[in-house]
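Trainee: Provided below for reference: sequence and predicted model.
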Amino acid sequence: MAAWIERVVTSGTFALDGGVWDVDNNVWIVGDDTEAVVIDAAHDADAIAEALGGRRLLAIVSTHAHNDHVNAAPALAERTGAPVLLHPDDLPLWKLTHPDRAPEGELADGQVITVAGTALTVLHTPGHAPGAVCLYAPALGTVFTGDTLFAGGPGATGRSFSDFPTIIRSIEGRLLSLAPDTAVRPGHGDGTTVGDEAPHLDAWIARGH
């Protein structure tokens, strides 16, 4: 059976640089009736496990290591036996939330994660965080962008470990080159498409944030 996509919205807080903000996060599940992967285990391991049902969880993929994207990852890993995967450039951020526990595996640019016969290709897209990645699933016409690209523009770069010129290079070089009808499924809020966002690149650069 072909893979499909589910969204679970969880709520909690994002904390960095001494600030704390209330946030809703998109947790993406990709799989079929028997197996799945979770993209960004945010806030509520119980809600994510409930959505998984009895399916075998192959991996917990973290698009980056801000606390609101990884705070439920260890609990979900312990519950399911699935490994937590993270790009190594984000280990300093990970350690802010989980100082005594490392991810089980690393993500690398070009790596392919296969679930239910569907390939998810890792695209390293630093800027919002040094180890930020997106996951491109051409068979599903989708790219999961974490906090790299949202409906309306790039992810925030005003805090530690982030850089605006870097995120612009990542978006322009890795995401806007995808087919215009590719669905963008971000870490927060509503989705968009590559074609809807591409015309605004120059405006984002001019805005500088």
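Mentor: Here it is on my side, so go on.
Trainee: Break down this structure into its strands, ranges please.
Mentor: Assignment of strands within the chain using DSSP state E yields the ranges 4-16, 19-31, 35-39, 56-61, 84-86, 105-106, 112-115, 118-124, 133-137, 142-146, 149-150, 153-154, 183-186, 192-193.
Trainee: outside of the third one, which residues touch it?
Mentor: In this case it means strand 35-39. For strand 35-39, the surrounding residues in contact (C-beta atoms under 8 Å, 6 or more residues apart in numbering) are 27-31, 48, 52, 55-61, 63, 76, 82, 113, 115-116, 120, 135, 144, 146. Where you see a C-beta, it was placed from the backbone N, CA and C, and this is true even at glycine.
Trainee: ok now stretch 88-108, how far from the chain's centre?
Mentor: Taking C-alpha atoms, centre = their mean, to the nearest Å, one finds stretch 88-108 lying 14 Å from the centre of the chain it belongs to.
Trainee: cool, and stretch 64-83?
Mentor: Averaged C-alpha coordinates place stretch 64-83 at 12 Å from its chain's average position (C-alpha atoms, centre = their mean).
Trainee: about what we covered before: tell me the most buried of the strands of the chain?
Mentor: The highest mean neighbour count among those, using mean count of other C-beta atoms under 10 Å, belongs to strand 142-146: a mean of 27.
Trainee: list the helices and strands it packs on?
Mentor: Applying 3 or more C-beta pairs under 8 Å, 6 or more residues apart in numbering; DSSP states H and E, we find strand 142-146 packed against strand 133-137, strand 183-186.
Trainee: Of all these, which one is nearest Trp21?
Mentor: Across the helices and strands packed on strand 142-146, the minimum distance to Trp21, taken as C-beta to C-beta, is reached by strand 183-186, at 16.4 Å.
Trainee: Other residues contacting the helix or strand of the chain with the lowest mean pLDDT?
Mentor: Lowest on mean pLDDT, DSSP states H and E among the helices and strands of the chain sits helix 201-207, with a mean of 93. Taking C-beta under 8 Å, 6+ apart as the criterion, the residues outside helix 201-207 that touch it are 153-154, 168, 171-172, 176.
Trainee: Identify each buried residue in that helix, please.
Mentor: Residues of helix 201-207 classed as buried by neighbour count (16 or more other C-beta atoms under 10 Å): Trp204.
Trainee: Skipping its backbone neighbours, what lies nearest Ile5 in space?
Mentor: The shortest distance from Ile5 to any residue other than its chain neighbours is 5.6 Å, reached at Val30 (C-beta to C-beta, 6 or more residues apart in numbering).
Trainee: One more: Ser162?
Mentor: Spatially, and ignoring its direct neighbours in sequence, Ser162 is nearest to His128 (5.6 Å; C-beta to C-beta, 6+ apart).
Trainee: pLDDT (mean, whole number) over stretch 67-80?
Mentor: Averaged over stretch 67-80, pLDDT sits at 98.
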